[in-house]
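Enquirer: just a sequence and a predicted model for now, questions to come.
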Amino acid sequence: MSEATELNPAEAAAVLSWEELRGYLDDGSSFVFEAGAGAGKTFSLVEALRHILKDRSRELQRSHQQVACITYTNVARDMIVAQTDGHPAIYCDTTHAFAWMLISGFQKRLVELVRTLSGWVDRVEELKAANITGVGYALGRRTIEESTANLHHDDIFPVLIELMKSKKFRNTVTSRFPIVLVDEYQDSNKALVECLASHFLGQPKSPQFGFFGDHWQRIYDDTCGAIEHEALKRIGKKANFRSAKPIVDSLNLMRPELAQAVKDPSAPGSVHVFHTNGWIGSRETKNHWQGDLPGPKAASALTKVRATLAAEHGWDFAGDTKILMLTHRALATEMGYSSMRNVFSYADSYTRKANEVIAYFHEHLEPAARAFLDGKYGAMFEAIDARRPIMSGPADKAKWAGAMKRLCELRDTGKVGEVIAHLQATGLPILSDTVERQEKDLADAIAAGGELSSRQKELSKLHNVDYADVIALCTYLDGHSPFQTKHGVKGDQFENVLVVFGRGWNEYDFNAYLGMAKNPAKIAAKAAAYERYRNLFYVAVSRPKRRLALLFTQKLDPSAMATLKDWFGQHPILDIGSTL
């Protein structure tokens, strides 16, 4: 039997995409490598790096050059470094780290630029008084320490973009990195990618760029999504190594231009769709909850579907099964942080950490507290601050231990306001500058007796929430639960996935999406919204390996039902509304 006949369909499709990719790597063309869900994008990226090393590693090292591989997350970076054995001819790091590495040597220019950054406009006088002579990026927070201004994460790309205007600076980039590969390109900062495209793509003596990703999986704000440029060759990896054929068949109906071949056409799999159009009672009418079931009925629908899938279709909800809650009310109730709905006007404030206080709790305070409880003091200090605080003796250690012990007690029994008051009183750990300013603004407004702003009202309400609810929210955000939304599972896969589609999202309406999907005129009229709806839907339904189920608690219009039947009509579509 020949090698070709031994390949399964997904492998055969992968070979075709590899041949295209290898050709562009060899001839120096810049390219976009589009790999849909389950295609094995990271595998292809690593193969590309290994191919470059095989032919050019000595040349690169002799010339003191490297291949730059920029990633979206630390996890992706570590995986790629491990799979390429940390080869010295490869520079692999996150986009922010890559940008800082490029700009950090230009200190004189950074000192000039920091005063022009939007995040520093209200601190210009403070910068002048400090007479800064250097710029750092140790904390990811805006601080002024002695004569150094430390940048926030949001400051890094604007500085790099400004420096890119200099031909001399661009030449330093090219001379060190003749090849730049971007992982998860769709999630890269939009302004940064536009900058790279305008200065390098199609220009003589510029680096070769390779963008690996999938614009249908762009789910973050301010990211570039699809990349279109005449200098970019395009490769589509039409393989799916993750999902069973019944699932992939539906994915292909959604996305026929990148139809995927499966690994094993005979592998068992199933898709079930449940909707609630038969419900005859009153539905929600308030703003972005419009059309959804009342809360108790939505919970009943989920309970009924879980019981049906377990009893009739063999689902094990205690095993490798994930419930993707694309409705925040049901998710908050299940996870135990439903109080957040009464605090914030928009769910994104807490589920996507748009609120700075929630972001501080999740990114700094909770990791530090958990590390302290586990006795991992190095990790505790790392979570609080990138640099270990100075301890001059036993008294400092005792002070830290006492502060952290009391913090952990308040986490279990206190309110959010009590936790914040404790942090303000001890300074251990320190509050972020943003949280400090918001607390001061709230205190000043209360003291003045005036009307509170909407942000101040939210912070005041948050003070009265049990901190245990914050812990529950952080547990959800970390993915340590059977319930998730799309942001927590992007890139992950599970044996079974149940997706619950409902309202409560400020930026998503799945009835609208399904109604638009088969109507080019509607798509053109609301292109940005359509892409946002589509990408979330696609990411959610492409996670399972074997079984997929969809539950719609919001009412679906006839056009939306028509789309569902087009994509999933070969599978059971059941109306459970009348049984609730």
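Expert: It's in. Numbers count the residues shown, from 1 in each chain.
Enquirer: can you report how many residues lie near the residue nearest to M516 when sequence neighbours are not counted?
Expert: What sits nearest to M516 in space, not counting adjacent residues and going by Cβ to Cβ, 6 or more residues apart in numbering, is K522, at 4.3 Å. For glycine as for every other residue, the C-beta is placed from the backbone atoms N, C-alpha and C. K522 has 16 neighbouring residues, counting by other Cβ atoms under 10 Å.
Enquirer: check the separation of the first and last residues in stretch 376-395.
Expert: End-to-end distance of stretch 376-395 (Cα to Cα, to the nearest Å): 20 Å.
Enquirer: repeat for stretch 262-269
Expert: Rule used - Cα to Cα; the end-to-end distance of stretch 262-269 is 12 Å.
Enquirer: pLDDT (mean, whole number) over that stretch?
Expert: Confidence for stretch 262-269, expressed as mean pLDDT, is 97.
Enquirer: which helix in this structure runs the most residues?
Expert: What stands out as the longest helix in the chain, according to DSSP state H, is helix 41-62.
Enquirer: from the contact counts, what lies against it?
Expert: helix 9-27, strand 30-35, strand 67-71, helix 74-83, strand 179-183, strand 208-213 (3 or more Cβ pairs under 8 Å, 6 or more residues apart in numbering; DSSP states H and E).
Enquirer: buried ones in it?
Expert: The neighbour-count check on helix 41-62 (16 or more other Cβ atoms under 10 Å) flags 41-42, 44-49, 52-53, 56-57, 60 as buried.
Enquirer: could I get the average pLDDT for that helix?
Expert: 96.
Enquirer: how distant is that helix from the center of its chain?
Expert: Helix 41-62 sits 27 Å away from the centroid of its parent chain (Cα atoms, centre = their mean, to the nearest Å).
Enquirer: quick one: the helices in the stretch 351-500 of the chain?
Expert: 356-360, 366-373, 377-384, 394-413, 416-426, 433-448, 454-463, 467-477, 486-489 (DSSP state H, counting those that start in this stretch).
Enquirer: so can I have JSON lines of those showing mean pLDDT, mean neighbour count and distance to E34?
Expert: Putting these into JSON lines (pLDDT from 0 to 100; neighbours: other Cβ atoms under 10 Å; distance: least, Cβ to Cβ, whole Å) gives the following:
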{"stretch": "helix 356-360", "mean pLDDT": "89", "mean neighbour count": "21", "distance to E34": "32"}
{"stretch": "helix 366-373", "mean pLDDT": "92", "mean neighbour count": "20", "distance to E34": "35"}
{"stretch": "helix 377-384", "mean pLDDT": "83", "mean neighbour count": "17", "distance to E34": "37"}
{"stretch": "helix 394-413", "mean pLDDT": "92", "mean neighbour count": "14", "distance to E34": "45"}
{"stretch": "helix 416-426", "mean pLDDT": "95", "mean neighbour count": "18", "distance to E34": "44"}
{"stretch": "helix 433-448", "mean pLDDT": "91", "mean neighbour count": "15", "distance to E34": "38"}
{"stretch": "helix 454-463", "mean pLDDT": "94", "mean neighbour count": "17", "distance to E34": "40"}
{"stretch": "helix 467-477", "mean pLDDT": "85", "mean neighbour count": "21", "distance to E34": "29"}
{"stretch": "helix 486-489", "mean pLDDT": "49", "mean neighbour count": "17", "distance to E34": "20"}
